[in-house]
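Colleague: Dropping a prediction and its sequence here:
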Amino acid sequence: MKLGFLKGALLAGVMALAHPATAQDSTVLKIGVAAGGGYDTVGRVIARHLGKHLGESGEIPVQNVVGASSLNLVKEMVAGGSETELGMALASLLLNAKLDPANVDVDFTTFKWIGSATGAESICLTGKDTGIATFEDFITKDFKVGATTAVGGFYQIAALVKNIFGAKYEIVTGFEGLREMEAAIDRGEIAGYCGSQLDAFLRNNQQETRSFIGGMTQDVDIAGTTVPSILSAVTKPEDVAAVKMFTLRDAVYYPVMMAPSVSDETVAKYRAAFDAMLADPEFQAEMTGLYGAISPKSGAEVEAIVADIGKSDPATLAHLVELTK
């Protein structure tokens with residue numbers, strides 16, 4: 001009996017080495033957008049580096065769960081998220097849950113937040129040959145800017161700027177994304193758009209073909225000239241509060257989360273691994289190579305920002321709803 005038991009134990013050990021983890025044991029990262037965009041790019045950087053800090057071998061498997069601007073992924077995680085499932089959903093959903101609760105009926109404060117790879121600075125830009133080269137031009141001249149849908153981030157930022165400053169431009173919806181809007185600028189169909197990210201503008205050397213109108217909250221040096229933030233031009237206290245509320249999402253632009261049902265023990269494990277990844281020189285090198293300076297957040301920091309969004313001042317929230325229409 002003892003010999004048989006030892007043989008069985010030895011066989012089990014060999015099988016474990018041959019198959020170190022089942023699908024249920026291995027971490028998977030689900031990304032709530034199609035492959036190829038900025039979220040997918042950052043998600044795959046995380047997937048390349050996080051596994052070793054979890055004691056897993058190789059790159060974490062990635063699955064793209066597309067549809068409804070990441071809402072499909074969020075609903076899937078609420079319904080059946082597991083102890084080894086990470087998710088990345090568009091940060092705009094955090095705010096849309098407050099601005100449009102009828103369509104984004106999710107309480108993000110119930111999710112378990114693991115961290116954010118970096119923040120982002122939303123910007124407005126125009127084509128160099130459009131005659132719209134400065135912020136003053138942007139808020140006083142007649143032209144068209146592009147957006148995807150009337151509830152997407154491109155539209156919301158353009159509407160926010162237009163309504164605060166009484167700008168004249170028309171917001172044209174129906175574009176699939178940045179690539180289509182860039183092509184429309186080149187064809188002369190629109191002059192520009194709001195909602196791209198500063199890091200992409202600089203990384204892609206867009207200053208050669210695009211005029212930088214301004215970032216939402218940061219003063220930015222472009223070719224030796226400091227372009228003031230859009231926020232710095234806002235004068236009414238209620239408008240300032242609305243812009244600050246809106247840009248809370250940008251502080252955690254690439255958030256990683258787990259389902260509300262996940263245990264605290266599991267959350268602690270993944271947070272520790274994520275923090276170790278953020279300090280990893282190889283991860284930092286890859287991220288800074290893509291995005292320049294990065295501003296990561298721990299799980300606790302993301303949780304605090306999500307909580308701030310969740311308890312938004314009702315008057316400021318109502319004002320923001322009007323400004324983004």
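Modeller: Sure thing, it's come through. Numbering: from 1, shown residues only.
Colleague: for this structure, which spans come out with low pLDDT?
Modeller: Scanning the chain for pLDDT under 70 picks out 1-25.
Colleague: the strands in it, which residues?
Modeller: 28-31, 62-64, 85-88, 112-116, 122-127, 144-146, 170-172, 192-197, 210-215, 220-222, 225-227, 255-258, 297-298 (DSSP state E).
Colleague: Nearest to V240, out of those?
Modeller: strand 210-215 (15.3 Å; C-beta to C-beta). In short, each C-beta sits where N, CA and C put it, glycine included.
Colleague: Next, the angle from the closest one to strand 122-127.
Modeller: Angle, strand 210-215 to strand 122-127, by axes from the mean of the first three to the mean of the last three C-alpha atoms, to 10 degrees: 150 degrees.
Colleague: residues in contact with strand 210-215?
Modeller: 121-128, 130, 132-135, 138, 185, 192, 194, 198, 201, 206, 220, 222, 227-230 (C-beta atoms under 8 Å, 6 or more residues apart in numbering).
Colleague: What segments of this structure are helices?
Modeller: Assigned by DSSP state H, the helices in the chain fall at 2-18, 38-53, 71-80, 92-99, 135-140, 153-165, 178-187, 198-203, 237-246, 248-251, 264-278, 281-291, 299-310, 314-323.
Colleague: which residues sit in contact with F246?
Modeller: Contact partners of F246, counting by C-beta under 8 Å, 6+ apart, are L95, Q156, I157, L160, M216, L320, T324.
Colleague: Touching, I230 and C124? I think so.
Modeller: Yes - I230 lies in contact with C124 (C-beta atoms under 8 Å); the separation is 7.2 Å.
Colleague: burial count for V145?
Modeller: The local packing of V145 (other C-beta atoms under 10 Å) involves 30 other residues.
Colleague: same question, G292
Modeller: Around G292 there are 12 other residues, counting by other C-beta under 10 Å.
Colleague: Likewise for Q207?
Modeller: Residues near Q207, counting by other C-beta under 10 Å: 14.
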